[in-house]
Structure formats: C-alpha cells, structure tokens
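The sequence isn't on hand, but the structure is:
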Ligand code: PXL
C-alpha cells in the first residue's frame, strides 16, 4: 500500500520552501502527501513586505472531517508553524491521528545562524521545545536546538558540544534527535543524531558548500520523511537527504541566473528518485 504522510506547514506562495518543497519531494519519492496549510504568505519571510493570512481556524474543522473519513497517516511531519497557539493545536492533532504505526517528525523551524526568524520570539521557542516531547523524531538545526534547550549558541564547537546538545534534545522527549548543519571538521558539514532506544550516535559528514539558501532545511526534512516512508532506516534517510541537499545547493550555485530566494531542486529531483 502506498504510504500517506500528512505535512503541516505554511504555504509561501513564492519562495520554494515549506509546502512547495514538501509536496513535490514527498510525491516524487512515491509517497502520498496530504497537506494542512497553517497560513498563506505571499512569499517566505526573507522577502520584505510579505502578506500573511493565518489559517488556524481551519485546523480543527479539517481534522474533524478527516476523522469522520477515518483517514490514516503513516507519518505526520510538521515544519514552519505560525504561532504558539498553532503549536498547541499540533499536540491535539497528534493525539487524534497517532495510530500505532504512525511516525511523528517535528522540524521546529524557527531560527538559523544564531537568530530567530522575524516572526518568532522566545515564547515560541519554548512551545516548540514542548512539541518535541510529542514527536518520534526531531530534526532541528544547531540554532533551533540552542533556543529550545537554553544552550549557548556557538559558531565554533567540537563533538563534545554537539553531544551535549543532543543529550539536551533527548531530554525534550523524542526517541531520535537529529542535529543538522553539524560541521565536525574543516570543510565538512552534515548531521549527527542520537537514538535513545539503542543508545547510539550516528554521524554523517559530506563536503561543505559555502552558501546558504532558504528552504534547504525543508528540502532536507522532506527528503528524510519521504525516504523513511520508502522503508529506509532513519540513518540512511539522513545520509541521502544530506547528500541530496548539498548536491542541490551546488547545482543552484552553478546556475548563472544566480537564484537568491530558493534552490533549484526541480533540476535534481530526478536524481533523488534514484538515490540509494
Ligand atoms: O524554510 C523555512 C520557512 C518556511 N516558511 C516560511 C519561512 C521560512 C524561513 O524563513 O519564512 C514562511
């Protein structure tokens, strides 16, 4: 049977992030992608003067309808949410749709490079930390992990610092904690994860690409979700997602048109479908 994922995040109409990444990536991996938009924005929040229509009041009626249809989700994956209240709504949604075989993945999208995104504050970070307790797998970047655990953000660090962060993330409650954007040696970057049941770490590093684009975190998370639904272990899913994201950034950098607001994942999706 085809797996079915519910993803809950905003629609940034222009910008190549959140739903406009999750849908094509998860679909390309042969997994049905159901969406629940939390807000409609004209663009993502790195543009100036973006519009935003909050859709919180739609969450409950949509869920009620799905319940009456007995919809089953193999995974529920949350990304960028709008407000602290919406995070509370997610707790209810998880409780409603969590079946025995449902994997819940939370990407607490709210910050990068030591700073919160424009729409968020510390109260929001605290709410995201709470939501992690309700997840099976969490995939924050280092900045988000620091905000959620009250750890000092550092530009330079060693493996001991990353393990300390993973331990603090593990205390938030998810079974598997994965930190993204982890660079353990010069010229490398990747992920490091901790699996509580196995008391085991997993590290994957590939060559660092010196560029940052919007939506790459969403590309990584969506790929992980799709690959896990294809039957890959979380470790293999992370490795494929890290390689795919880095490759897509490289392809985007090579584009003479110099896109600035998102990556050229449209060019690389066919390769992702072949990834092992
Ligand atoms: O890529 C994460 C993301 C998703 N949605 C919106 C954003 C961002 C990052 O800033 O602004 C609206």
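On my side now, so go ahead. Quantities reported herein were computed from a predicted structural model and do not represent experimental measurements. Numbers count the residues shown, from 1 in each chain.

Please enumerate the helices of this structure.
Remark: helices assigned in the chain by DSSP state H are 19-28, 56-68, 84-97, 122-132, 142-149, 159-172, 216-229, 234-253, 265-272.

quick one: which of these is nearest the ligand?
Ranking the helices of the chain by proximity to the ligand (Cβ to the nearest ligand atom) places helix 216-229 first, at 4.7 Å. Backbone N, C-alpha and C define where each C-beta goes, glycine included.

What residues does the residue of the stretch 51-200 of the chain found nearest the ligand make contact with?
Using Cβ to the nearest ligand atom, residue 80 is the residue of the stretch 51-200 of the chain that sits closest to the ligand, at 3.5 Å. Residue 80 makes contact with 9, 10, 17, 18, 38, 109, 110, 218, according to Cβ atoms under 8 Å, 6 or more residues apart in numbering.

and the closest residue to residue 171 other than its chain neighbours, how many neighbours does it have?
In this structure, residue 171 finds its nearest non-sequential neighbour in residue 149, 7.7 Å apart by Cβ to Cβ, 6 or more residues apart in numbering. Counted with other Cβ atoms under 10 Å, the neighbours of residue 149 add up to 20.

just to revisit the earlier point, tabulate the helices of the chain in CSV, adding columns for mean pLDDT and distance to residue 206.
Putting those into CSV (pLDDT from 0 to 100; distance: least, Cβ to Cβ, whole Å) gives the following:
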stretch, mean pLDDT, distance to residue 206
helix 19-28, 98, 19
helix 56-68, 98, 37
helix 84-97, 97, 32
helix 122-132, 97, 26
helix 142-149, 98, 17
helix 159-172, 98, 16
helix 216-229, 98, 12
helix 234-253, 97, 5
helix 265-272, 98, 15
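
Can I get those in a markdown table including distance to residue 188?
Below are the helices of the chain laid out as a markdown table (distance: least, Cβ to Cβ, whole Å):
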| stretch | distance to residue 188 |
| --- | --- |
| helix 19-28 | 24 |
| helix 56-68 | 40 |
| helix 84-97 | 33 |
| helix 122-132 | 27 |
| helix 142-149 | 15 |
| helix 159-172 | 12 |
| helix 216-229 | 16 |
| helix 234-253 | 10 |
| helix 265-272 | 21 |
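
Alright, calling it a day.
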